[in-house]
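Peer 1: got a structure for you, letters missing:
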């Protein structure tokens, strides 16, 4: 019943009688819905206070699912994957990161006025990026100043860090939270994602094995620039999301 | 291509997938089979995608492909066998994350819940990403009737909506439209400059849709998976339009069929690896987005800047629960990849989805639609198959579609829904199989008849061919020649050999 109360509260301000009614409605509607399913499956409704035993899902057979095993150098397959997905790759180290970024920004963002949106939680990467934006003579897009995604529609580039990369396909996994906006990898026409070598995992199986706690409100697996082939089967990138993705 | 020849004429677009019932498939199928341009478009698109699936899956999984499909099927089957348990877990976890979960027994209820949420939040401008369930419930007209301006954001769907047209193909919805007709639609509806360049056309759409995203107060999507263990929605797109629909407006509604549940996040490794490869020969869709609850609000450090303030998940039954009762349960494994459509020779021949007269077409639609909407309403669909089994080989969750097609055909016979001619022939066949005398007489008559007709139609050399048969057999002989039967039946030949104690043929 507790969760029903949570949902009822989320429905917004209501008078006491209204709130009570909704609570009963929600609980009743859920009960009716689930009991029809139980009945169709031939399961008994557990008596009040008791819970039906937890079913055991089949163990995932890694021998069938795994596409990339733990290897010495994951950068090679990862890079191969990134390129085959239509994204670009730039390799660098901590010392050169700022310069590489500054150069990319200068090339990819048109001359002023043009802003760069940044959503990075990693402090070192964040500092390097701030510096790079300044060196390139561009403005930092202050997306916190306006509600929602508004500010980022005028940004030329969005720069993010990543949760992980998957060597199996060249996919990058981007998280949104208090420090990172959902719009940064989506709204600006160019997305730069900064990944540390140690963040590259062999296979999606490994990502989930290492996953701890509840998922964030938004976790996106990105495998290329936004694309469509609806008009006469011709592939076009950048239909809604970024035209180009650069992985650094 | 001249402007006139550019567009295949579509009869009364929106209702093309909601025809008068009971639905007779034959007229549309006939028309499509005669339409050379449609055959070419649909034929090449499906063949390319099917070959793509085979190549990508063989390359990735090698010999493990079939075993993996069985494995994925087993996980889905387990989930369905305990759907009550997993749904309850999903509801609890989703609510714990701050999402609101609603329950819709049928299409009317699903739409009503949607409208109620919209009204409560005073929403008037909606952006929508593609969802088969919303097609099932006819959500779009319901929203528009309620005064909520709704824009389809999938590029193909957007163009079709703009031009008052309907999707002709589940995989590539505007396969029947050429660039000139798109250009004309953009000039007419968007006031754009005329251009036929696909890149420029796409950019016009992009700019237009971005304005819509910015103005929208409601975003509606479907979901590819519901993860029970965390209450997470998984949405897969190539364009990223669903991500805009979720992230830009303040209210997000996801309308999802109950069968989309999977037990754990880890199970995504199995299903995601198969989904995009089966659908479009990609390793993963460009955007695979996991949404768990609305943006974190409140005063703490966890407070997020963007994302929807409300996330509503409408769990839809609309006939699915009935399928749980018996062996039809297996059909709910379907992850809507479209691989069976791409593999099916019938689907190609009848020119795609319109011929099936329903939201779910192709092999899976041929069994799902009659079960969801009533076999008496769609008696032709289970018969639109040669039982070649290509669909079974393509299905990433190993659904034995041919078996269900045969089951439904048996039901058609049991409920006397097949035509009297077919019943008569089957009765004749049964009699001849039961009585050896009837069989001998029947085959003798048939043999004499066929030889006689072949003789009349004449052909050089010893071998005679039946080139033309009248009446109901005409369709068969239009594209085939039957060899004339031998003078002596095999039984007679065999009996003669046996009496003389064996020997050479």
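Peer 2: Good, I have the coordinates. Being a predicted model, the structure only gives us computed values, none of them experimental.

Peer 1: which residue sits closest to residue 52, ignoring its sequence neighbours?
Peer 2: No chain was given, so I picked chain A. Excluding the flanking residues, the one nearest residue A:52 by Cβ to Cβ, 6 or more residues apart in numbering or on different chains is residue A:46, at 4.8 Å. Heads up, the C-betas are built off the backbone N, CA and C, glycines and all.

Peer 1: Hmm, no, I was thinking of chain B.
Peer 2: Per Cβ to Cβ, 6+ apart, closest to residue B:52 is residue B:281, 2.9 Å.

Peer 1: Return the distance of the one you found relative to chain A.
Peer 2: From residue B:281 across to chain A, the span is 12 Å (Cβ to the nearest Cβ, to the nearest Å).

Peer 1: what's the distance between that residue and residue B:237?
Peer 2: According to Cβ to Cβ, to the nearest Å, residue B:281 and residue B:237 sit 16 Å apart.

Peer 1: Between these two, which has more neighbouring residues?
Peer 2: The neighbour count for residue B:281 versus residue B:237, taken as other Cβ atoms under 10 Å in any protein chain shown, is higher for residue B:237 (25 against 19).

Peer 1: Which residues are in contact with the more buried one?
Peer 2: Residues in contact with residue B:237 (Cβ atoms under 8 Å, 6 or more residues apart in numbering or on different chains) are B:129, B:154, B:243, B:285, B:286, B:287, B:289.

Peer 1: Next: residue B:453.
Peer 2: With Cβ under 8 Å, 6+ apart, residue B:453 has these contacts: B:466, B:469.

Peer 1: Quick check: which element contains it?
Peer 2: helix B:436-457 (DSSP states H and E).

Peer 1: now do residue A:221
Peer 2: strand A:218-222.

Peer 1: neighbouring strands for the helix or strand just after that strand, and are they parallel or not?
Peer 2: Next along the chain after strand A:218-222, taking DSSP H and E as the criterion, comes strand A:227-228. Note on strand A:227-228: by DSSP bridges, its sheet partners are strand A:236-237 (antiparallel).

Peer 1: what's the offset of stretch B:203-222 from the middle of its chain?
Peer 2: Relative to the centre of its chain, stretch B:203-222 is centred 27 Å away, using Cα atoms, centre = their mean, to the nearest Å.

Peer 1: What residues of that stretch count as buried?
Peer 2: Neighbour counts over stretch B:203-222 (16 or more other Cβ atoms under 10 Å in any protein chain shown) mark B:203-206, B:208-210, B:212-214, B:216-222 as buried.

Peer 1: Give me the distance from the helix holding residue B:453 to the chain's centre.
Peer 2: Centre-to-centre, helix B:436-457 and its host chain are 43 Å apart (Cα atoms, centre = their mean).

Peer 1: so what does the helix or strand following that helix touch, helix or strand wise?
Peer 2: Using DSSP H and E, the helix or strand that follows helix B:436-457 in sequence is strand B:465-466. Contacting strand B:465-466 under the criterion 3 or more Cβ pairs under 8 Å, 6 or more residues apart in numbering or on different chains; DSSP states H and E are the following elements: helix B:436-457, strand B:482-483.

Peer 1: quick one, helices of chain A?
Peer 2: Using DSSP state H, the helices found in chain A span residues A:2-10, A:16-41, A:62-65, A:75-84, A:97-108, A:123-135, A:204-210.

Peer 1: residues making contact with the shortest one?
Peer 2: Yep, that's helix A:62-65 we're talking about. A:205, B:61, B:64, B:67, B:68, B:71, B:269, B:270, B:273.

Peer 1: what residues are up against residue 204?
Peer 2: Going with chain A. A:166, A:168, A:171, B:268, B:269, B:272, B:273.

Peer 1: Wait, chain B was what I had in mind.
Peer 2: Counted by Cβ under 8 Å, 6+ apart, residue B:204 has contacts B:186, B:190, B:192, B:195.

Peer 1: Having no further points to raise, I will conclude here.
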